[in-house]
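Student: coords below, sequence missing:
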């Protein structure tokens, strides 16, 4: 896509070079526009936007600056009203470790007390992952919330720790509640591939329109585009690497199953041979 100064989001056409699913663009927009960040968090956590007075990003990056290894994971950590800690991350490549990774990140944020502070003063922590894959294939869900609960009774252990997973590939499973908070529209916005599609999704929603305008603006910034391109390239190679690893693992499992099946057949043949030998020995004794 070539951007011209006389164009705008309202007149842009064609494919989006770097959509919201590019984790650098995702971070750039949410870091630049607090109103969009507030609206997104409000929808996901079922809050009223007017109840969010402040969203402070505690790990800001210098937009456009080269990405170092330590910045490779572009999660966004937010202090909400100085009352809650939110961690948001866009993850397109399935590295088959999201469950452990999300717990690890949330646990780090939860361990926030300084020496001498009371445990009851710990702020609630909510981890929110935007995934372009289904976390649990046998239990697909569009927007899932996981909490600490009693295994037998379901009683909530603590409301101060939760993990939320939004599956961008299963918008079709959005519930009435998801639709009421327009979480499905946010997901469709993130997945949009063309500017025309983006306008249709954002129509009549000021927050989605603002997010879309922001996406157009940052796509026009050549310095930010360079970093988005680097992230897209890294994501491409990471996805290929993970696919090859998964293919090799599946091949090893298949070979192990074949070996196990052959060993079983050999054991059965050995048992049958032993039985025949015993029968032959009996016959010779007659």
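Tutor: Nice, I can see it. Keep in mind that this is a model prediction, so the values were computed, not measured. Numbers count the residues shown, from 1 in each chain.

Student: contacts and neighbour counts: CA atoms only from here.
Tutor: Fine.

Student: Mind checking the pLDDT average for the lengthiest helix in the chain?
Tutor: When the chain is parsed with DSSP state H, its longest helix is helix 222-285. What helix 222-285 shows for mean pLDDT is 81.

Student: With stretch 108-121 instead?
Tutor: Averaged across stretch 108-121, the pLDDT comes to 84.

Student: tell me how far the ends of it are from each other?
Tutor: Taking C-alpha to C-alpha, to the nearest Å, the first and last residues of stretch 108-121 lie 16 Å apart.

Student: which residues sit against it?
Tutor: Applying C-alpha atoms under 8 Å, 6 or more residues apart in numbering, the external contacts of stretch 108-121 come out as 85, 122-125, 161.

Student: what comes up buried for stretch 105-124?
Tutor: By 16 or more other C-alpha atoms under 10 Å, the buried positions in stretch 105-124 come out as 106, 109-110, 122-124.

Student: quick revisit: please render the contacts of stretch 108-121 as JSON lines that adds secondary structure and distance to residue 258 to the earlier fields.
Tutor: Output for these, formatted as JSON lines (DSSP: H, G, I helix; E, B strand; the rest coil; distance: C-alpha to C-alpha, whole Å):
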{"residue": "85", "secondary structure": "strand", "distance to residue 258": "49"}
{"residue": "122", "secondary structure": "coil", "distance to residue 258": "52"}
{"residue": "123", "secondary structure": "coil", "distance to residue 258": "52"}
{"residue": "124", "secondary structure": "coil", "distance to residue 258": "49"}
{"residue": "125", "secondary structure": "strand", "distance to residue 258": "46"}
{"residue": "161", "secondary structure": "strand", "distance to residue 258": "44"}
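
Student: Go through these and name the one nearest residue 196.
Tutor: Checking those against residue 196 by C-alpha to C-alpha gives residue 85 as the nearest, at 35.1 Å.

Student: Residue 20 versus residue 157, what's the distance?
Tutor: Separation of residue 157 from residue 20 (C-alpha to C-alpha): 35 Å.

Student: Have a look at those two and say which one is more surrounded.
Tutor: Ranked by neighbour count (other C-alpha atoms under 10 Å), residue 157 and residue 20 place residue 20 first, with 22 against 11.

Student: and the gap between that one and residue 161?
Tutor: 27 Å.

Student: which stretches of this structure have low pLDDT?
Tutor: 1-7, 67-73, 236-240, 242-243 (pLDDT under 70).
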